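[1] Fold the following, please.
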Amino acid sequence: MVERLIRALYSPSNVFCIHYDQKSPAVFRSAMEGIARCLPNVFIASKREYVIYAGFTRLKADINCLSDLLEVDVPWKYVINLCGQDFPLKANMELVSELAGLNGANMLDTYRPNKSKKQRFSLHYEQKDWICLLAAPTSCSHVIRRKDTKDPDETLRNLTADYSHFLQVRGYEDVCATEKERHFHLAYSLVVHKYAWMVERLIRALYSPSNVFCIHYDQKSPAVFRSAMEGIARCLPNVFIASKREYVIYAGFTHLKADINCLSDLLEVDVPWKYVINLCGQDFSLKTNMELVSELAGLNGANMLDTYRPNKSKKQRFSLHFEQKDWMSPKRTNLAKSAQPHGIEMFTGSAYFVLSRDQKEGHEGPG
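    Sure thing, here's the model as predicted:
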């Protein structure tokens, strides 16, 4: 999780100080030291604390890193403190753009304490072992909050106009793969409709030169979003746009059709992928590509699907007619459908899946 956080924020022009808790397991401390050895702009704090949550040592850990950062040769303009369980919702370029707009001002949450908070500094506290001093958690990280939270699709579109600059800035040239990853290819079907930067971050998190990505964008999406998706596909040789695209209606058949279009295209590519995973543009992977490869290899060709017998409410979805008006979700009517042919029993499940290529090809119907 810490490595993914660094990777998401990584730029050769940035500098990272890691303070690990001295109480952390030896294997964790060793992993942090390993990251620092591999990356020239990442280092371990020269002084490390036995951190007690909500105690002074939590602040002291930050102070130690800040002191070290003031001694490095990098002329950084802003410092941001994070914990290991944080993850940015913005790319480094977006953060740079927003922080430049502050013109040197700080971002801090400060307010007058209420009665409960006053007790934190007006009363004495006792420390026993490694137990927290305070029952109530305190804020550890400073988070950027802006009224305008829309992803600037145009900035991504403009960045992809220069593919070499895009690859360098977003770190695609630095992506490495293990021997196992190079021989265990994964395919992705991405059905997206908004937030271009969020889609790019999803691809970046899952990216490996041995994988292949199909992007299906909603035909109703804004032109700048569609252009940004086309830009990503031009820059990355293993990313392409679905050959047939739908005007997607949420909870309608066109949403399934969008995935089917990508699956059909993925079966035609030269990459011998073993599993395909379908995702939406607002998903984000909690596992690295190497972890996914390791887990999927253990399935031995089996699929991962949620299937179960429908309850009374779910049965209405296929036993009654639905009407479609404009681009709104389908509306249920009271008009009953005829029974399923050939005694087919209907099941319900998730819209998302992990499918084995062998299983997918084995069940591929005509046309």
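[2] gap between residue 81 and residue 315?
    52 Å (Cβ to Cβ, to the nearest Å). For every residue, glycine as well, the C-beta is placed using N, CA and C.
[3] got it, and residue 330?
    Counting by Cβ to Cβ, the gap from residue 330 to residue 315 is 16 Å.
[4] ok, the two, which is more surrounded?
    A count of neighbours by other Cβ atoms under 10 Å puts residue 330 above the other of residue 330 and residue 315, at 16 against 13.
[5] residues in contact with the more buried one?
    249, 251, 252, 322, 323, 324 (Cβ atoms under 8 Å, 6 or more residues apart in numbering).
[6] How is the closest residue to it other than its chain neighbours assigned, secondary-structure-wise?
    Closest residue in space to residue 330, ignoring its immediate chain neighbours: residue 322 at 3.9 Å, by Cβ to Cβ, 6 or more residues apart in numbering. What DSSP: H, G, I helix; E, B strand; the rest coil gives for residue 322 is strand.
[7] burial of residue 322, as a residue count?
    17.
[8] re earlier: just the buried residues out of the contacts of residue 330, in PyMOL syntax.
    The buried subset of these, as determined by 16 or more other Cβ atoms under 10 Å, is captured in PyMOL by this line:
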select buried, resi 249+252+322
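[9] now, among the contacts of residue 330, which is nearest to residue 353?
    residue 251 (16.9 Å; Cβ to Cβ).
[10] Which pLDDT value goes with the closest one?
    Looking at residue 251, its pLDDT reads 75.
[11] show me where pLDDT drops low in this protein?
    54, 124-151, 327-328, 359-367 (pLDDT under 70).
[12] Domain map for it?
    Listed by automatic domain parsing, the domain ranges of the chain are 2-122, 153-305+351-362, 307-349.
[13] to the chain's geometric centre, what's the distance from the first one?
    For domain 2-122, the distance between its averaged C-alpha position and the chain's averaged C-alpha position is 21 Å (Cα atoms, centre = their mean, to the nearest Å).
[14] And for the second one?
    How far domain 153-305+351-362 lies from its chain's middle: 12 Å, per Cα atoms, centre = their mean.
[15] can you list the contacts of residue 330 in a markdown table and add distance to residue 201?
    Listed next are the contacts of residue 330 as a markdown table, based on distance: Cβ to Cβ, whole Å:
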| residue | distance to residue 201 |
| --- | --- |
| 249 | 26 |
| 251 | 26 |
| 252 | 27 |
| 322 | 35 |
| 323 | 37 |
| 324 | 33 |
